[in-house]
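Peer 1: one predicted model, sequence on top.
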Amino acid sequence: MAEWKNKPTFPPGFQYSSFADATTITPAADTDNSLPPNSGVYTADLKRDWCIGFVPHGGYLTALLLRTAHKHITTHPALAPLNQPHAIHISCTFFNSCTPGAARIAITPVKTGRQYSFLRATLTQNGGARLCFEGLIPFTNLETLQTGPTLPTASTLPQRGIPDRETECVQAPNASDPRVDVRPVSRKLVYAVPAAGARKYGSLDGSPSVREQWVCFRDGGRMDMPALGFLSDMFLPIPENYKETSRTHWYPTLSLKIEVKRPPPAEGWKWLFCRIESREIRNGRMDVMVDIYDEDKNLVAIANQLAIIVSSDRNKPKTLVPAKL
């Protein structure tokens, strides 16, 4: 297998971070008077061990936006009384790649209402000069404000069903990612894949355009709602299931949308099942659809993204201009 020309290295004693640590945010010391009323600015430290190569992972960044928006709507004096703590959707657009290090996240209310409120979140670096990506996030209260009808629909379960994690799956070691050395973020999860399709990257029927996996955090941490942003983008790239993909590539996300169907239990999720599928991979552009289920086979979230296939040479270290924290 061809090698990446540039690989991240981690010195002895490097302190690897948990999901909670990697998504820690702090209110900014300074204010941005150009923002609309009831906005807020937060700072974060994008972690090196949550990267693909030298670029922070898109799902990790999405989780960071969800974490920040949740903190803002639940703690801001003008927004907390709305009692709308649950993000039910996020639509992200990625404009520029990020760099590990300091980042600023601005949260701006677009519309507030009795049942739904919409926040815009933008992440910038280099003192605000580099707009990396933004997300639009509607919030509600899934326990008290969702009172409309529930109707039966066709089953959303995979055609062959969800494989039992204990009897039909095998735990995949880190080596199941052939490029774990350049994808350190893939070490954050434990993967259990269908035994019948273990040689075909996890799909039950061996289809190269599908991957199925049970996942949990390797450090034993529980998954909360922001973790759905991470899981919606955390899997071996579908193109690497194909023998035609003979040279190294990088698969940056251009846009990502996630709809949340159910909130986590109070203690969070331990394991979640993800079914990942690409409908068409054409001219270096691909769709990726992800369905996420809990251990009771309830649909938790659905996601879809647009990603491109480019040379790994484009994934290389960049110098980050220090920003005020």
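Peer 2: Ah, there it is. Residues are numbered from 1 along each chain as shown.
Peer 1: for the chain, longest helix please?
Peer 2: In the chain, assigned by DSSP state H, the helix with the most residues is helix 58-75.
Peer 1: list the buried ones in that helix?
Peer 2: Under the neighbour-count criterion of 16 or more other C-beta atoms under 10 Å, helix 58-75 has 58-73 buried. C-beta here means a position set from N, CA and C on the backbone, and glycine is covered the same way.
Peer 1: direction included, what does the helix-or-strand element of the chain with minimal mean pLDDT pair up with?
Peer 2: Within the chain, no helix or strand scores below strand 169-172, which has a mean of 85 by mean pLDDT, DSSP states H and E. Each strand paired with strand 169-172, and its direction, by DSSP bridges: strand 189-194 (antiparallel).
Peer 1: what about stretch 83-96, how long is it end to end?
Peer 2: End-to-end distance of stretch 83-96: 34 Å, with C-alpha to C-alpha, to the nearest Å as the criterion.
Peer 1: and it, what's buried?
Peer 2: Buried residues in stretch 83-96, counted by 16+ other C-beta under 10 Å: Gln84, Pro85, His86, Ala87, Ile88, His89, Ile90, Cys92, Phe94.
Peer 1: include pLDDT and distance to Gly161 when you put those into a markdown table, please.
Peer 2: Below are the buried residues of stretch 83-96 laid out as a markdown table (pLDDT from 0 to 100; distance: C-beta to C-beta, whole Å):
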| residue | pLDDT | distance to Gly161 |
| --- | --- | --- |
| Gln84 | 98 | 35 |
| Pro85 | 98 | 33 |
| His86 | 98 | 29 |
| Ala87 | 98 | 29 |
| Ile88 | 98 | 27 |
| His89 | 98 | 27 |
| Ile90 | 98 | 29 |
| Cys92 | 98 | 31 |
| Phe94 | 98 | 34 |
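Peer 1: does the residue lying closest to Pro158 once chain neighbours are set aside belong to a helix or a strand, and which?
Peer 2: Leaving out its chain neighbours, the residue that sits closest to Pro158 by C-beta to C-beta, 6 or more residues apart in numbering is Arg275, at 5.4 Å. If you go by DSSP states H and E, Arg275 is part of strand 272-277.
Peer 1: who's in contact with that strand?
Peer 2: Contact with strand 272-277 is made by 158, 162, 165, 209-216, 223, 231, 235, 238, 288-295, 300, as judged by C-beta atoms under 8 Å, 6 or more residues apart in numbering.
Peer 1: 6 Å instead, please
Peer 2: Contacts with strand 272-277, where a contact means C-beta atoms under 6 Å, 6 or more residues apart in numbering, come from 158, 162, 210-214, 235, 289-293.
Peer 1: check stretch 149-163 too.
Peer 2: For stretch 149-163, contacts defined as C-beta under 6 Å, 6+ apart pick out Cys169, Pro194, Leu204, Phe273, Arg275, Lys297, Leu299.
Peer 1: could you rerun that using 10 Å?
Peer 2: The contact list for stretch 149-163, computed with C-beta atoms under 10 Å, 6 or more residues apart in numbering, reads 168-169, 192-197, 202-205, 210, 212-214, 261, 273, 275, 277, 291, 293, 295, 297-299, 302.
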